[in-house]
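Novice: need coordinates for the below:
(one chain, ligands or ions: 1)
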Amino acid sequence: MRLDVVTIFPGYFDALELSLLGKAKQRGLIDVRVHDLRDHAHDKHRTVDDTPAGGGAGMVMKPEPWGEALDGILADADPAADTEPLIIFPSPAGEVFTQRMARELAEESHLVFGCGRYEGIDQRVFDEYAARGRVRLVSIGDYILNGGEVATIAMVEAIARLVPGVVGNPESLVEESHEDGLLEYPSYTKPASWRSREVPPVLLSGNHAAIAAWRQEQSVERTRRVRPELLTREQRGETRPRHAAE
Ligand SMILES: N#Cc1c(-c2ccc3ccn(Cc4ccccn4)c3c2)n[nH]c1N
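Specialist: Numbering: from 1, shown residues only. Modelled structure (predicted):
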């Protein structure tokens, strides 16, 4: 998978050189290219923002540097690829990023992340690239950040770890929160007793069926307590199980 990131703060993405993603890069599983938007602003001060049309507080990112940066990336994309690159703009006005979306995006061969700052990017940039290809505005949650960089790092981590070969043991991806629509069960390790707090005996029983049942029950109970909206109506007890005899 190729990942291009356009930002005025390229240093944010040094984080992608660390840990799992750094190793995946070294192994050629992920090709990350970070572009400084200011390299595409050619005035003396490398200006990337201007006052909002119609007035209002703050500044808006000018379209010209974005056009030059994104045109360059698209022109450099693999012409033999099945599909054109998908351009993702983190935005508080975007569709909410979920594990389902992460799985969907992990199937892509080329993702481009456009990190806005200030009050956002001139709308015509979104319109231009949506007319020419595939664009999605995506939000990582209902709160306001100062720009798209942190959201991009979060999304890149969630997506890249699903790319085959990036995570050592693919089985560890199966029983994770949200993979089956439920929150993950609580985890324990050694020692069996710590400050008079015991590991649940079922986990030490060696009875794998009982352990699996306990973990499923814990996932449903934790989801019911913390995120009831993730449960199906049947799991919430609002309907009888479909197989139940009348
Ligand atoms: N994803 C995501 C985001 C963002 C986000 C993403 C990109 C930009 C570019 C500028 N700003 C600041 C800003 C302030 C005020 C109104 C609009 N925008 C961003 C914020 N905030 N919260 C999320 N879940």
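Novice: and the spatially most central residue of the chain, what helix or strand is that in?
Specialist: In the chain, the residue lying closest to the centroid (CA atoms, centre = their mean) is Met155, at 2.1 Å. Met155 belongs to helix 149-160 when assigned by DSSP states H and E.
Novice: for the helix or strand hosting Leu20, which positions count as buried?
Specialist: Assessed by DSSP H and E, Leu20 sits inside helix 19-26. For helix 19-26, a neighbour-count test (16 or more other CB atoms under 10 Å) marks 21, 24-25 as buried. (C-beta placed from N, C-alpha, C; glycine too.)
Novice: and stretch 214-233, by the same measure?
Specialist: 214-215, 218-220, 222-224, 231.
Novice: what's the answer for stretch 191-202, then?
Specialist: For stretch 191-202, it's none, nothing buried (16+ other CB under 10 Å).
Novice: now do that stretch, average pLDDT.
Specialist: For stretch 191-202, the mean pLDDT works out to 98.
Novice: please save the CA atoms from it in PDB.
Specialist: Taking C-alpha atoms only, stretch 191-202 is exported to PDB below (Å, rounded to 0.1, in the frame of the first residue of the first chain):
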ATOM      1  CA  PRO A 191       0.600 -13.300  38.400                       C
ATOM      2  CA  ALA A 192      -2.600 -15.200  39.200                       C
ATOM      3  CA  SER A 193      -2.900 -12.900  42.300                       C
ATOM      4  CA  TRP A 194      -1.900  -9.300  42.500                       C
ATOM      5  CA  ARG A 195      -2.700  -7.100  45.600                       C
ATOM      6  CA  SER A 196      -5.400  -9.700  46.500                       C
ATOM      7  CA  ARG A 197      -7.000  -9.300  43.000                       C
ATOM      8  CA  GLU A 198      -7.400 -12.700  41.300                       C
ATOM      9  CA  VAL A 199      -7.400 -13.600  37.600                       C
ATOM     10  CA  PRO A 200     -10.900 -15.000  36.900                       C
ATOM     11  CA  PRO A 201     -10.600 -18.800  37.600                       C
ATOM     12  CA  VAL A 202     -12.200 -19.700  34.300                       C
END
